[in-house]
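1. here is a sequence with its predicted model. Questions after.
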Amino acid sequence: MSVQGGLLASIRWKAVGIVFGLTAVVVTVLATYFPARHIESLRAAIRGKAATYAVLVAKQVEPGVAFDDRETVREVFTATTEDPDVRAMVLYDAAGQPLFALGELTGRVVFSRKPLDRVTIAEGPSFFRAMAPVVSREGPTGTLVIEVSTARAEADVSGIRRTALWVGLGALGIGLAAALAIGRSIGRRLGAIAAATRAVAGGDLSVDALTDASADEVGQLARSFNTMFANIRALVEQIRESNARETGRLDSLVRVRTRELDVRNSDMRMVLDNVNQGLLVVDRRGHIAPERSAVVDQWFGQPAPEVTFPDYIERVDARAAASFRLNWSELLEGVMPVELLVDQLPRVMTAENREYELEYTPLYEGPEVARVLVVISDVTRRRAAERAEFEQSEVVRAFGHIMRDKTGFLEFVSDARLLVERLCGEERAPLVDVKRWLHTLKGNALLCGLTDLASFCHHLEDNLADSGADLTEEERHTLRSRWDAFCARFEQLLGDRADNRMPIDDADYRALLDAIVDGHPRREIASMVAAWKLESTSERFARHAAHAEALGQRLGKGPIEVSIDADRLRLPREVLAPFWSAFGHAVRNAIAHGIESPEERQAAGKPSAGHLRMSARRANDEIDIEISDDGRGIDWAAVARKASMAGLPCATDGDLHAALFADGLSTRDETDDVAGRGVGMGALRAECEKLRGEVSLVSRPGCGTTLRFSIPTQILGIETETLGARLGPVRPGPGSIGPIDGSGGSEERGIIKTMVPV
């Protein structure tokens, strides 16, 4: 049944229910009220009869009570029981003993202690019992009890009820018939209106007008429907005519627009087929849209239907695919800014010796990213040209370095080869040594202008910091390959490495000539000549000074003034090579951490140019090598904070000095290719310890920091006489810090000495 049909049916039966309900209420009231009134009247009459009989009989039996005249009582009782409603009668004396009884009372009679003074009526299940006092003139008294049956009245009540029931049922039947007739009439008329309404709602406008001419509300509704239907027909006809005109106009417009879109699609397809960039769109599910540039299929093959972008590029570059999956899921969650997450998507992809760059443009629908446009560019040639240009510029820088100091460059190559062998060898060293060697290799590469090698070492340092594990086999292989490529590139520039010449400066030459002219002993002259095979410490300092000046310009520290005092000291190259290689960490720390910018120095009342001092001298049986700066000094509060974060002791000055040389601790919060790893000072201390030397440090806030490395001459393998021959008289140089006893002013930190027994 339809919704409309159900509604009309409910109205019809509601009308029937209302009429029938009213009839039922009226009939029920009449059928219950009047019989109840009649029954109440019958019971009241029987009750009155019992009371009347009790009064009359009590009066008539007074002589019987007075004279114990049972015959009189019998006659009165017999006459009274002629009434069929009288069930029993009993006369009791004053003591409650029956004097005479006619019939049998229902149940036992209970007398009150107080004598009766009036007639009382008690009602039983099928009788009324009247009790009346009997008082004679002679004095004796008694009680009359009479029971009157209600059986006949009950029989009359049943008849009355049956009559009322039949009359009520008849009235209900008449009411139901009337209700059905009324409901049928209303339902038929409303049904006609509903049928016509359903037809019109279904689009059938051929429905005939309704013919209900009655003056009641239903008739008015039918006539209103006819008027509304006529208006709808007119309006529909008007709409049809308007739609026909609009359809013609739209068809013409669609044909024009379709031709334009065909032209545009053809142009777009031509662009996509001929553009040299890969253009494709990725939806939120990661699926690739069908429309894409043809070069995408040429580069990576035609993608399968419903394939996701990371699955598509996984066969080309699995690492880029994994990175895309990880960052794409975070992008969909929308927890972090979209721009930041888009920047985290992979930007480079490598496939079959070709390199590709990826760019992403988010496409929004409302506040949400709906799709992402991916632009893929083949940058193989550009990257090759950039590498070639970079390598060429690196060759030029290295060539300049070789021209200035070929010996120093050869020493770098020798030291670097040893470091690479350590880093890439099969026998793995502790992780702390790997970090030290890698940091030293990076610093020395920067010193020689080899930024490509230094940059790769910096990348490996980042990986070590992130993973907390040793270099992977792939990373070791790549490092060795880059080193071999470097050696192959610079082989011709280096030329014959067997340089048998001995560099002699003018001062050494004049000293030898003076010794010969003055007739010095041959042993002394021989010692002076033997010292020429050793390395000039001044040359070592000069290389580090050049690095310090270049680094100062690079870090915005302005020009750096470097003072060198080597006291014409020469030392064995092979023994001290690892130490000098690590000494560059002290130089970089002085520039990066110690010396301030020109603006800071001027604000502090210092000269704008920072000053770095390097010195070396013999002191008794030790060689003292010093480096000092006039910078800001060590931030001991930062050292204490970092040491506490790293779980290192930091309660005393000794704890802070030890923490300064601990691996992984740096006062900088950010890491770059120069400083911030916290590895360099530990590496430098380790090399000094290998020489059984001591490290001493003094730092004054705002005045600078001085590092002294004291190395015993015995470990250097040099005869004392040879040292004396080439050192000459020992005198304090400008880099000297005097006695190391920790007795500085209140602002001077104590001294830490790292000592290894000989």
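-> Perfect, thanks for sending it. Numbers count the residues shown, from 1 in each chain.
2. can you list phi and psi of His520 for me?
-> When read as degrees, to the nearest 10, the backbone of His520 gives phi -60, psi 160.
3. ah, wrong one, I meant Gln277
-> Torsion angles, degrees, to the nearest 10, at Gln277: phi -120, psi 150.
4. right, and it touches Ser377 too?
-> Yes: Gln277 lies in contact with Ser377 (CB atoms under 8 Å); the separation is 5.3 Å. C-beta: built from backbone N, CA, C; applies to glycine.
5. which neighbours do the two have in common?
-> Common contact partners of Gln277 and Ser377 (CB atoms under 8 Å, 6 or more residues apart in numbering): none.
6. and Ile560, bridged to which residues?
-> Ile560 has these beta-bridge partners by DSSP bridges: Gly610.
7. and stretch 423-436, what's buried?
-> Residues 423-424, 433-436 are the ones in stretch 423-436 that count as buried (16 or more other CB atoms under 10 Å).
8. could you dump the residues you listed into CSV with distance to Thr713, secondary structure and pLDDT added?
-> Shown next, in CSV, are those (distance: CB to CB, whole Å; DSSP: H, G, I helix; E, B strand; the rest coil; pLDDT from 0 to 100):
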residue, distance to Thr713, secondary structure, pLDDT
Leu423, 32, helix, 83
Cys424, 35, helix, 87
Asp433, 27, helix, 81
Val434, 32, helix, 82
Lys435, 31, helix, 81
Arg436, 26, helix, 79
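9. can you redo these as TSV with distance to Arg381?
-> What follows is those, written out as TSV (distance: CB to CB, whole Å):
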residue	distance to Arg381
Leu423	32
Cys424	31
Asp433	41
Val434	36
Lys435	37
Arg436	39
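10. what is the nearest of these to Gly170?
-> Lys435 (113.6 Å; CB to CB).
11. for Asp663, see how far away the nearest residue to the closest one once chain neighbours are set aside is.
-> Using CB to CB, 6 or more residues apart in numbering and skipping the chain neighbours, the partner closest in space to Lys435 is Val679 (4.9 Å). Applying CB to CB, to the nearest Å, the value for Val679 to Asp663 is 6 Å.
12. which of these two has more neighbours?
-> The residue with more neighbours, out of Val679 and Asp663, is Val679; 26 against 20, by other CB atoms under 10 Å.
13. I'd guessed the more buried one sits against Arg436; true?
-> Yes: when contacts are counted by CB under 8 Å, Val679 is listed as touching Arg436 (5.6 Å).
14. give the residues shared as contacts by those two.
-> Residues touching both Val679 and Arg436 by CB under 8 Å, 6+ apart: Asp663.
15. which one of the buried residues of stretch 423-436 is nearest Pro125?
-> Lys435 (114.4 Å).
16. quick one: contacts for Tyr53?
-> Counting by CB under 8 Å, 6+ apart, Tyr53 touches 80, 83, 86, 130, 146, 148.
17. mind doing that once more with 6 Å?
-> Tyr53 makes contacts with Ile146, as judged by CB atoms under 6 Å, 6 or more residues apart in numbering.
18. quick check: which element contains it?
-> Assigning secondary structure by DSSP states H and E places Tyr53 in helix 3-60.
19. the strands in the stretch 451-600 of the chain, which residues?
-> 535-536, 560-565, 570-571 (DSSP state E, counting those that start in this stretch).
20. from Gly170, how far out is Leu176?
-> Leu176 is 11 Å from Gly170, by CB to CB.
21. same question, Tyr364
-> 81 Å.
22. what of Pro346?
-> 96 Å.
23. mind checking which of those two has more residues around it?
-> Pro346 (18 against 11).
24. pLDDT value on the more buried one, please?
-> Looking at Pro346, its pLDDT stands at 86.
25. surely it meets Arg325?
-> No: between Pro346 and Arg325 there is no contact under CB atoms under 6 Å: 10.0 Å.
26. circling back to that earlier point, could the strands of the stretch 451-600 of the chain go into TSV alongside distance to Leu453?
-> Formatted as TSV, those follow (distance: least, CB to CB, whole Å):
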stretch	distance to Leu453
strand 535-536	24
strand 560-565	24
strand 570-571	27
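27. which of these sits closest to Ala586?
-> Nearest to Ala586, of all those, is strand 560-565, at 13.1 Å by CB to CB.
28. which parts of the helix or strand hosting Leu410 are buried?
-> For Leu410, the element it lies in under DSSP H and E is helix 406-424. Of all the residues in helix 406-424, those buried under the rule 16+ other CB under 10 Å are 407-409, 411-413, 415-416, 419-420, 422-424.
29. so which elements touch it?
-> Judged by 3 or more CB pairs under 6 Å, 6 or more residues apart in numbering; DSSP states H and E, helix 406-424 is in contact with helix 431-447, helix 473-494.
30. so where is the stretch 451-600 of the chain shaky, pLDDT-wise?
-> In the predicted model, the stretch 451-600 of the chain carries pLDDT under 70 at residues 490-503, 505.
31. give me that answer again for 80
-> Along the stretch 451-600 of the chain, the parts satisfying pLDDT under 80 run over 451-452, 454, 461-462, 465-466, 468, 485-512, 519, 522, 524-533, 567-568.
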